[in-house]
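Visitor: Take this sequence and fold it.
(chains A and B)
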Amino acid sequence: MESESQVKFYFGIIAVMLAFVIITGGFILAVIRYQKRLYFKQQELLRLDAQHKKELLLNSIESAETERMQLAKDIHDEVGSIFSTLSLSINQINCDDPKQQNHLITSKSLIQSGIDSVRRISRAIVPFELELLGLEQTIESFFDTLSSVSAIEIVFENTAPLEKLNTSATLALYRIVQELSSNCIKYANAKNINLNIQSDGVEIILCYTDDGVGTSLSGERVTKGIGLKNIESRVILMNGEVNIISQPDEGFICEVKIPLKNNSVI
Amino acid sequence: MFEQIRNIFFEYSNLVILIPLLIAAMNFKNYTSDLKIIFYYLAVATVTQAVSFAFWKQSVNNFPILHLYTIIEYLLLLWFYSVVLKEFIPKYVFIVLSIAFPIFSILNSLYIENIYAFNTYGRSLEALIFIFLSISWFVKIVAEDEETRLMGKAINYINSGFLVYFAGSIAMFSYSSYVAQMSEAHRINVWTIHTVLAVQLYILIAIGLWKARAK
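Guide: The predicted structure follows:
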């Protein structure tokens, strides 16, 4: 038979064991809670940092576009109007001397060439027709110009509702196409370019391929040129993703996916 | 009814150790060195439990096994903590602990406590050391402001298991001679709490090992 003190000791030891379990359990939970708060705080800081970087990127792209716009406008309006005035002025000249007339014709032709150059350069800097004609026709017009000055065969297909995109997304996609094409002309020595834009309702998928010399993309972190970095920056701003596949002598593939839902592109 | 459930639990709870042991054995190759030590610990604990159980069934006093097991368990767990607390606690502390405790434990078993009785001093001192080391782990992760989520790491589960086990059991280890004088029902109740603590330890080790496997 146990004495009263033994029974008390029995309950005492059980109480002490349970108390220790509760204390250590509480300690562990407190540490977990602290760590969780720390974790979420760090996640929030990372999110704010990413958002800040995105805003900086947006600002730099927007200011570059504004500067381009100003430059194109200045070239078109000022240099263009000088040429136009010059053209009007030269048309006023009447000359019977055949030798002088030849000079006059050459001058008129040079002035017309200057007017065309101004128009072409300002259009290349800022595609004014983007707002008037929309992305699809602007790309078509851009490819027409490209085909006429190079021997590249270009196939362009679009089934996506590009007209739904807002101005900045439209300009971004145009710049991406422009960047890929000019890279191709500068470095790829390609014979064919294929551009396909489609949509499954969830995202817009732009797929660019060429059969040029390609480039090595081995390694996780590829040293990318400014052109490809610009493409990436523009895609990041649209919350999209860009995937580049290329091997030396095996052409170049670039796939850009832009989500349509919960995104600011529409 | 309560006694029946308690007795069934008491008899079969030893099998719970097989869960973390099997998980560790299946994924041994993928584990880091700290988790490999946990596998050695589980293997030693399983063999010891099986031999102790066989002795108990044969009505042979199995306390000498506990005296020996205490030293082996201590060295394995100290090895584990020396790996996970490598940059937090100086190496010489572990060297001193790895020499001092086994010497104390052997002297205790030979000259102070009866080898056929519970090694109160050895188990209590061991529990105190591991309470200190497991709290050190939490202090380390809080002090270092680790970015990772606390419960996402295998070591956190395992360490939590050891802290709760040793903190919950230390009172029983320290007063084991008084516990031995209690009535059988009360004695078994106290040991059942110890068994519950051991089961939570093995379950948390199993969760930790499983999480490490998933990664």
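Visitor: Just the helices from the stretch 51-200 of chain A, written as ranges.
Guide: A:80-91, A:98-125, A:129-133, A:135-149, A:167-183 (DSSP state H, counting those that start in this stretch).
Visitor: for those, which one ends up most surrounded?
Guide: By mean neighbour count, with neighbours taken as mean count of other C-beta atoms under 10 Å in any protein chain shown, helix A:167-183 ranks first of those at a mean of 20. Bear in mind the C-beta positions are built from the backbone N, C-alpha and C, glycine included.
Visitor: Counting by contacts, list what that helix packs against.
Guide: Secondary-structure packing of helix A:167-183 (3 or more C-beta pairs under 8 Å, 6 or more residues apart in numbering or on different chains; DSSP states H and E): helix A:129-133, helix A:135-149, strand A:192-199, strand A:203-210, helix A:226-237, strand A:252-259.
Visitor: Pull out the buried positions in the fifth one.
Guide: Neighbour counts over helix A:226-237 (16 or more other C-beta atoms under 10 Å in any protein chain shown) mark A:227-228, A:230-237 as buried.
Visitor: Just name the closest of these to chain B, please.
Guide: A:I236 (23.3 Å; C-beta to the nearest C-beta).
Visitor: list the contacts for the closest one?
Guide: Counting by C-beta atoms under 8 Å, 6 or more residues apart in numbering or on different chains, A:I236 touches A:54, A:57.
Visitor: And for the most centrally placed residue in chain A, nearest residue in space, chain neighbours not counted?
Guide: Taking C-alpha atoms, centre = their mean, the centroid of chain A lies closest to A:R234, which sits 2.4 Å from it. Nearest residue to A:R234, sequence neighbours excluded (C-beta to C-beta, 6 or more residues apart in numbering or on different chains): A:A172, at 4.4 Å.
Visitor: The one you found: what's it in contact with?
Guide: Neighbours of A:A172 in contact, by C-beta under 8 Å, 6+ apart: A:234-235, A:237-238.
Visitor: How about A:T24?
Guide: B:163-164, B:167-168.
Visitor: Out of those residues, which sit inside helices?
Guide: By the criterion of DSSP state H, membership of the contacts of A:T24 in helices covers B:163-164, B:167-168.
Visitor: ranking those residues by neighbours, who comes first?
Guide: Counting neighbours by other C-beta atoms under 10 Å in any protein chain shown, B:G168 leads those with 27 neighbours.
Visitor: residue ranges with poor pLDDT in chain A?
Guide: Scanning chain A for pLDDT under 70 picks out A:1-2, A:218-225, A:262.
Visitor: Near chain B, which residues of it are found?
Guide: Within chain A, the residues that sit near chain B (C-beta under 8 Å from any C-beta of the partner chain) are A:2, A:6-7, A:9-10, A:13-14, A:16-18, A:20-21, A:23-25, A:27-28, A:31-32, A:34-36, A:38-39, A:42.
Visitor: go with 7 Å
Guide: A:2, A:6, A:9-10, A:13-14, A:16-17, A:20-21, A:24-25, A:28, A:31-32, A:34-36, A:38-39, A:42 (C-beta under 7 Å from any C-beta of the partner chain).
Visitor: Many thanks, I have nothing further to ask.
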